[in-house]
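[1] Give me a 3D structure for the following:
(chains A and B)
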Amino acid sequence: MNDYREAPAGRKSLKRAYVAVMLWFVGRALQVAARADAEVRREFEALPEGFTFAMGVLPAGPWMIVGKRAGRIRYLGWRPEGIALDLTLKIKHLEAAILMFTFRESTAVATARNRMIVDGEVPPACAIVRILDIVEVYLLPKFIARLAVKRYPRWSWTRKLVGRTRIYLGAVLGR
Amino acid sequence: MEIPRHFEFFCPIRIFSGSRALEHLPGELRALNASRPLVLATQGTADRGLTRILVKAFADSGMPLGLHEAAPESPDAAWTARVKHLFVEHRHDALLVMGDGPLVTAAKILNIAVSIGPEDDLAAASGDNRLTRPLLPFVVIPTGVDCEAVASPTAALGPWTFRSPALMAALVALDPRTIRPGDAGRDAAVLSVARAHAARVIAAAPRNPVGEAYARAGLALLDRNGSKAGKGERWALANGVLLAGCAHAQAEPAGPDAAEAAFTGEPATAEAASAYLPDYYEFLNGGRIVAGHDALKRIPTILADLGAKNPLIVTDRGVAGAGLVEVARNALRDALALETIADDVPVDSDIKAVRRIAELYRQRHCDSFIAVGGGSVMDTAKGVNIVVSENARDLMAFSGVGALKRRLRPLIAVPTTSGTGSEVTQAAVIKDHEKHYKTAFMSPFLLPDAAVLDPRMTLTLPPAVTAQTAMDALTHAMEAYTCLAKNPLSDAFARAAVALIGRHLLPVMKNPADGTGRLALAIASNLAGVAFSNSMVGMVHCLGHATGSACGVPHGICMAILLPYGLEYNLHKTGRWTAELLLPLAGRAVCDATPPEARAAKVIALVRQLNQDLHDASQGQHPRTLKEVVDRGLNRMIPRERLPEIVAAARCDGAIFYNPEEMDADDFRMVLEAAWEGVALDLSRIRKG
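    Down below sits the predicted model:
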C-alpha cells in the first residue's frame, strides 16, 4: 500500500542541549546556594541525610540529580540510572521544559497547566520548589525572575550581591 | 430553583487544549500502554502541513508515527477494511485522527474493528450498548472548528451502526497550531449549530446541571470569540463547539422557545459567564453521573452495562450503623442481592484494610465494587480495586502518578455526605499505620465508573455535618474558580455548584428532611468535586489540611472558617474572579444592586454571613472562628499556641502550588491569627507579588 509511511521520532538537539546546560548550571548553583544562603541551607538541613532528587524531562532526559551526602549538598550529574531517587520532578516533554527555562511559564504555572509531575513525598517537594525559587532569584535579573516566581522577594542588596557573586562563581568553577 | 427529579450525564472525553497540546500526546499514549500510533488524515490535511506539525511535536518522544494521509473526505466501509489491514500489518496500537466530522466517525468504527477483531464479532457488537470490550486508545486532533462529532456516542458506516459510551472515550487535543480556517460558510454553520445546541441544553426541561455546565462554558467561548478570526480565536471557538457538542450529546434538548433559565439566575445565553481560557488546560469528567430521588435503582443497570453482577459493598461501621446500606439494599432488592459487605473500613483508609477486603473480594468471587460512604471508603475501595484488578501482591508498586495502565474492575461510588467530591476524583490516599506514612495513587483509571447521588443517603446527616460538608464543597468550587489552574469547564462546574449551595444550604439546615434540597447539595458537591479535581485548590486547603492534621479538626470546619480569608488574601490577584461569583452565590438582584468594584468584597462578606447563619441554624455548633472550634467535651481544639505547628505543616502541603499569591511562614501566621480571632485580614499587610 503506497498511502502509508512511517515517520521516525526525530530529535530536537539544540533544545535538548539548551535544557541540559540550564539543568547542569542550576544543579551546580544549588550545590553552592546550600552553603551561600542561610534560607537554602535551612531548607536542605531539614531533609534527611542521603536524600536525593532529580529534575528532568520525559521520556529520556536531560536530567539534573542533586543529593545530600555527608551533610553537604552535591550535584550528582545528569544520569539518574542506578541512583535511588526520593523525589523526581518530571517535566512532561521537551517543549514544556523550554517554556520553563525560557521563563515563559513559571514553575507554578507549569504545575497548574499539568506540564510537570511530582513523583515522591509532597513535603520535600515543597521544600525543593522553595529552594529552586530562591536560586532563580539569585541567577536571574529581576525582570526575568519576576516571571519565574510568584512574588519577587524583598532582600537586602548585600544578600543579593554577595549571594549572586558566590553562586555564579561557584557554579561556573564547580565548587 | 428547579432541581430535576433525575438526570444522568456521561462524557468520558479527556481534553488537552492549548499551546503545545500535541506534545502532551506521547506521554498520554504511553500511560495507556500504547507506543505505535497510526495517524489518519486526508490529503488536504497533509497538504496544509498539519501532519508535519504533528510529526514535529512527537520529535524527542521516542515514539514513531505511522501516517496514512490519504483518507477520503467521506470514508466508506471499504476504506475501513483497508486501513484495518494497514493497522494490523504495521502492528499499531492506537489511532490518532487529524480531522473532523465524517473522518472522526469513520475512525471510531475503525477503532471498533481493530479492537474487536473478526468481522463476525463486529456485526455482533453493532447496535445499542453491545460494546463490552475496551477499545484501543483513540485520539482526535481537530483541524477546524467542527469537532462536535467527537462527543457523539453513535457511529454509523456502511452496514454498521454502533451506539455506546465507549465511542466517546477519546483524548482530544485542541492545539491552536492545527485549528485552521475552513470554508467560511461551513464554519459559520458549524458555529451556529453549536450555539443552538448549547442554548437548547441550557433551556432544557427538566434540567441537566452537568450538561448545562458544559453548555454554558461552550456558549461563553462561542459568544466571546464569535466575531474574530485569528488563530487564538479559532482555537477558542473550537473549544466552544466541542463543549457544546458534549452537552448536546448527553443532555436532553428542549424546545427552542423554552423559558429563560432559572438555574443560576443567568439567562439562557452565556452573557454573565466568564470566558476565561488559559493558554493550556486539561479536563476529564470521566465517570457516569447519576442523580435523583431514586438514583440507587439505576445501579443494577449500570453494573450490567459494565458487565458485572456480583458487587462487593465497601463501607464503614458508621454508615452501616446509620442504616444506609439497608437503604441501598431495599432500593435494589428486586434486581440485585447485595450479599457481600465489607463494613470495616477505618476512619483513615489503611493498607491492612485494603488487604483484608481484597481477600474477601477474591473469596466471594466478586466482580465489581459499590463504595458507600465518604472519602475514606472511596479511597479504600480504589485501593482494593488496584490489588484485585492488577492481581498485585504489593499495592505500593502502583503508587504515584500514572502507574496504572489499564481499566480496573467496575466501581460505583455512592457518597453519603455532600462535600468531599471524592466520588469524582482520580486519586486515592492509603495509609500504612505501622510505618506511619501515607501513599498517594493518581490515575484516570481510579475515577469511579459511576457516581450515584441519591438524597436518601444524606437525609440523616446532622445539621452541623450538613453545614461543614456543604462549606467544604463551596470551598472546592470557589478555590477551583480563583486558583491558578482554572479553566472554562471547571469554571462552569464551580459556578453551578456555588449557585446550588447559595440557594439550598440554609433551607436544608432549617428543614433537614427536604429531599429536593438534599439532592441539590449532593449535585453541588459533585459539580464542585469535578471542578476541583481538574483545577485543584489553593491556600484554604493548604491551611485546612495543616489545621486538620495538627489539631484533629474536621476538614469541613477548617474550610468554612478559612474560605473568606483565602478569598481576601488573594483579592489583589483574583478579585475579578471572586467578583464573578456574586451572581451565582446571591442571585441577580443582589448582583445588580452591587457596583462591579464592590462585588468581590461582597462575596467575601456573604461567605462570612453564611458562616454566621450556619452558626445560628445549628445552635452554635458551626464555629465561625478557629478559637470557637471545640471537641465533644467542649475543650478548645486549636489553642493559640499551636498556630506555629499549623504554619509548619502548611509549608509542607502541595495545594500551595496552585494558590495565586505566594505564601511564606509569616503569611500563613498572619492568616491563621486573623482566622483564630475572627477578624478580617488587614489588606495593607499582604505582600503583593
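
[2] Go ahead and name everything in contact with the longest helix anywhere in chain A.
    Longest helix in chain A by number of residues (criterion: DSSP state H): helix A:13-36. The contact list for helix A:13-36 (CB atoms under 8 Å, 6 or more residues apart in numbering or on different chains) reads A:40-41, A:44, A:55-57, A:61-66, A:72-75, A:78, A:94-95, A:97-98, A:101, A:131-132, A:134-135, A:138-139, A:162-163, A:166-172, A:174-175, B:60. For every residue, glycine as well, the C-beta is placed using N, CA and C.

[3] From the residues you listed, list just the buried residues.
    By neighbour count, with 16 or more other CB atoms under 10 Å in any protein chain shown, the contacts of helix A:13-36 hold A:40, A:44, A:55-57, A:61-66, A:73-75, A:78, A:94-95, A:97-98, A:101, A:131-132, A:134-135, A:138-139, A:163, A:166-167, A:170-171, B:60 as buried.

[4] Restricted to helices, list these.
    A:40, A:44, A:94-95, A:97-98, A:101, A:131-132, A:134-135, A:138-139, A:163, A:166-167, A:170-171.

[5] which of these are close to chain B?
    Residues of these in contact with chain B (CB under 8 Å from any CB of the partner chain): A:Leu94, A:Glu95.

[6] Look up how far chain A lies from the residue sitting nearest the centre point of chain B.
    The centroid of chain B falls nearest to B:Val530 when counting by CA atoms, centre = their mean (2.6 Å). For B:Val530, the distance to chain A (CB to the nearest CB, to the nearest Å) stands at 16 Å.

[7] Now do the same contact list for that residue.
    Contacts of B:Val530 (CB under 8 Å, 6+ apart): B:Val210, B:Asn285, B:Gly421, B:Val424, B:Ser490, B:Phe493.

[8] Just give me the closest of these to B:Asn635.
    Distances from B:Asn635 to the contacts of B:Val530, taken as CB to CB, are shortest for B:Gly421 (30.7 Å).

[9] can you pull the contacts of the closest one?
    B:Ala473, B:His476, B:Ser525, B:Asn526, B:Ala528, B:Gly529, B:Val530, B:Phe532, B:Ser533.

[10] cool, and B:Phe441?
    B:Phe441 neighbours (CB under 8 Å, 6+ apart): B:Lys382, B:Gly383, B:Ile386, B:Phe398, B:Ser399, B:Gly400, B:Ala403, B:Leu404, B:Ala427, B:Ala428, B:Val429, B:Ile430.

[11] Could you do B:Leu157 as well?
    Counting by CB under 8 Å, 6+ apart, B:Leu157 has contacts B:Pro75, B:Asp76, B:Ala77, B:Thr80, B:Thr105, B:Ala106, B:Ile109.

[12] Restricting to the residues you listed, which residues neighbour chain A?
    Among the contacts of B:Leu157, no residue lies close to chain A (CB under 8 Å from any CB).

[13] and these, which are buried?
    Buried, going by 16+ other CB under 10 Å: B:Pro75, B:Thr80, B:Thr105, B:Ala106, B:Ile109, out of the contacts of B:Leu157.

[14] farthest-separated two in the residues you listed?
    Every pair of these checked by CB to CB; the farthest is B:Thr80 and B:Thr105, at 10.6 Å.

[15] ok, and for stretch B:461-480, which residues are buried?
    B:461, B:463-480.

[16] what's the weakest-modelled helix or strand in the chain?
    Since no chain was named, I'll use chain A. Here the helix or strand of chain A ranked lowest by mean pLDDT, DSSP states H and E is strand A:116-120, holding a mean of 89.

[17] let's do chain B instead
    Sorting the helices and strands of chain B by mean pLDDT, DSSP H and E puts helix B:119-125 at the bottom, at a mean of 72.

[18] Enumerate every residue touching the residue lying closest to B:Met457 once chain neighbours are set aside.
    Nearest non-adjacent residue to B:Met457, counting by CB to CB, 6 or more residues apart in numbering or on different chains: B:Thr416, 4.7 Å away. Neighbour list for B:Thr416: B:Val319, B:Ala322, B:Leu324, B:Val372, B:Gly373, B:Gly374, B:Met457, B:Thr458 [criterion: CB under 8 Å, 6+ apart].
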